[in-house]
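# structure for the following, please:
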Amino acid sequence: MDPTGSGEYRIARSPDEKDALLYVPGAGPTLAEILGLDTKANRIAYGRSQSLFGQPAKYGQFERLDLLKGLGQPPPVKLDPLLKALAESDYPKITYDRLPAQLHIHYLRATEDSVIVAFTIQLENADLVYKDVGGIQQATANIYGRITSIAGRRARQFEDVVTSSFTSQALEAGLKSRSVYQKVVVLAPGNYKIDLAVRDTNSGKADVIRQGFAVPRYPEGELATSTLVLASKLEPLNGPSLFSLFNYGSLKVIPNVTGVFQADQTLGLYLQVYNVALDQATLRPKLDVEYLITHQEQEIARLKEDGKHPLSMLDSQQVTLARLIPLKGLKPGFYELTVKITDHVAGKTVMRKESFQIL
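Numbering: from 1, shown residues only. Below is the predicted model:
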């Protein structure tokens, strides 16, 4: 209830709190008050409502305590087999029914004391079992994640049922691609652990991932960046959007969890730069941004951001860098991508590096 009308809702401990006329003199009397057996002042002072037949059982002290206990409990986990899989995984065991899953975590600043944490899970479609459902070949995976702090306190949990579908004609080509799922949560800076369970409902194969991670802090006034995201798909949306499944502001970004690309593909990169100083003459940042690709410590390619790229935004204290880099002509092997940002107004430099592979 919101008895004060201020927008702050809380659990109502008295049944009279739902009475909109409780504090209006002479309005909304109970039967006991009409008959002169009680007064509204007693209702307000003691939080009790009398009637000719006594108080209903559900308003008893023990019943109300039981109700409060039920309201404070976490919702039950629907994907119970995955919860059991997490408990069993504490002990080593040999299994031949593993579903290989890949997890990648990246961070983007929300405020000084909160960070957007995106968990991206990638599955190879060839590892899933597709069954005919109404003429459509469909695979279904159950995903359950539990995030706990370093003190063992549960910070978040999530569970989802996701599907991958193809027509019979497109199934053969679809088995060569990947399925990607993402969950976005907001956490305070600190150290955490995620326990993740993924299960193919058609085959029964499952995988359990336990991984620790540290959520960074982004202090005000310090030049910093988000995680450098290597993306398999990077494209503009029709308009700005809240952070949701693969939507980062006005861009759709699908991370490449494994960092493996084909030579005929395009590498997408996404990076946010925070606390950029503004030139007081133009009220715009004065940045130099370079993208450097190296192979065995030898420079292969160097690109410079000119601010004209349609996906990049260089006009505020929070700069978004988004770029598509063709990989055509690069030989198979392991490479490193370095993004170097120099803020000439503040006289600071920050760098981010990520490795990738070309098959």
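# pLDDT weak spots in the protein?
15, 44-60, 75-96, 239-244, 307 (pLDDT under 70).
# let's see that with 50 instead.
For the chain, applying pLDDT under 50 flags the ranges 51-53.
# which residue ranges of it form helices?
Using DSSP state H, the helices of the chain run over residues 31-34, 40-46, 61-72, 80-88, 171-174.
# pull the third one out as CSV, backbone CA atoms only.
Listed next in CSV are the C-alpha coordinates belonging to helix 61-72 (Å, rounded to 0.1, in the frame of the first residue of the first chain):
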residue,chain,number,x,y,z
GLN,A,61,-1.1,-12.2,14.5
PHE,A,62,0.3,-15.6,13.6
GLU,A,63,-1.5,-15.7,10.2
ARG,A,64,-0.1,-12.2,9.3
LEU,A,65,3.4,-13.3,10.3
ASP,A,66,3.0,-16.4,8.1
LEU,A,67,1.9,-14.2,5.2
LEU,A,68,4.9,-11.9,5.7
LYS,A,69,7.2,-14.9,5.7
GLY,A,70,5.7,-16.1,2.4
LEU,A,71,6.1,-12.7,0.8
GLY,A,72,9.8,-12.6,1.8
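# how far does it sit from the chain's center?
Chain-centre distance of helix 61-72: 32 Å, with CA atoms, centre = their mean, to the nearest Å.
# so which bits of it are buried?
Arg64 (16 or more other CB atoms under 10 Å). Any C-beta I mention is one placed from the backbone N, CA and C, and that applies to glycine too.
# can you check stretch 330-347 too?
Leu330, Tyr335, Leu337, Thr338, Val339, Lys340, Ile341, Thr342, Asp343, Ala346.
# just give the closest residue to the last one, not the sequence neighbours.
If the residues on either side of it in the chain are set aside, Ala346 comes closest to Ala277, at 3.9 Å by CB to CB, 6 or more residues apart in numbering.
# so what's Gln182 up against?
Residues in contact with Gln182, defined by CB atoms under 8 Å, 6 or more residues apart in numbering, are Ala118, Phe119, Thr120, Ile121, Leu245, Phe246, Pro255.
# skip the chain neighbours and tell me the closest residue to it.
Thr120 (4.8 Å).
# what is the neighbour count of Leu314?
Here the number of neighbours of Leu314 (other CB atoms under 10 Å) works out to 19.
# wait, it sits on Leu287?
Yes. The criterion here is CB atoms under 8 Å, and Leu314 meets it with Leu287 at 6.4 Å.
# shared neighbours of these two, which are they?
Glu305.
# could I get the buried residues of stretch 330-347 in JSON lines, plus columns for distance to Arg64?
Formatted as JSON lines, these follow (distance: CB to CB, whole Å):
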{"residue": "Leu330", "distance to Arg64": "68"}
{"residue": "Tyr335", "distance to Arg64": "64"}
{"residue": "Leu337", "distance to Arg64": "60"}
{"residue": "Thr338", "distance to Arg64": "61"}
{"residue": "Val339", "distance to Arg64": "58"}
{"residue": "Lys340", "distance to Arg64": "62"}
{"residue": "Ile341", "distance to Arg64": "58"}
{"residue": "Thr342", "distance to Arg64": "63"}
{"residue": "Asp343", "distance to Arg64": "58"}
{"residue": "Ala346", "distance to Arg64": "58"}
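# quick check: of the residues you listed, which lies closest to Asp16?
Relative to Asp16, the closest of the buried residues of stretch 330-347 is Ala346; by CB to CB it sits at 59.2 Å.
# which residues touch that closest one?
Ala346 neighbours (CB under 8 Å, 6+ apart): Leu223, Val276, Ala277.
# distance of it from Val273?
12 Å (CB to CB, to the nearest Å).
# cool, and Lys193?
29 Å.
# between the two, who's got more neighbours?
Neighbour count, other CB under 10 Å: between Lys193 and Val273, Val273 has more, with 23 against 15.
# show me what that one is bridged to.
With DSSP bridges as the criterion, Val273 is bridged to Thr225, Val319.
# quick check: bridge partners of the residue nearest to Pro216 when sequence neighbours are not counted?
Nearest residue to Pro216 in three dimensions, chain neighbours excluded: Tyr107, at 5.9 Å (CB to CB, 6+ apart). Beta-bridge partners recorded for Tyr107 (DSSP bridges): Val117.
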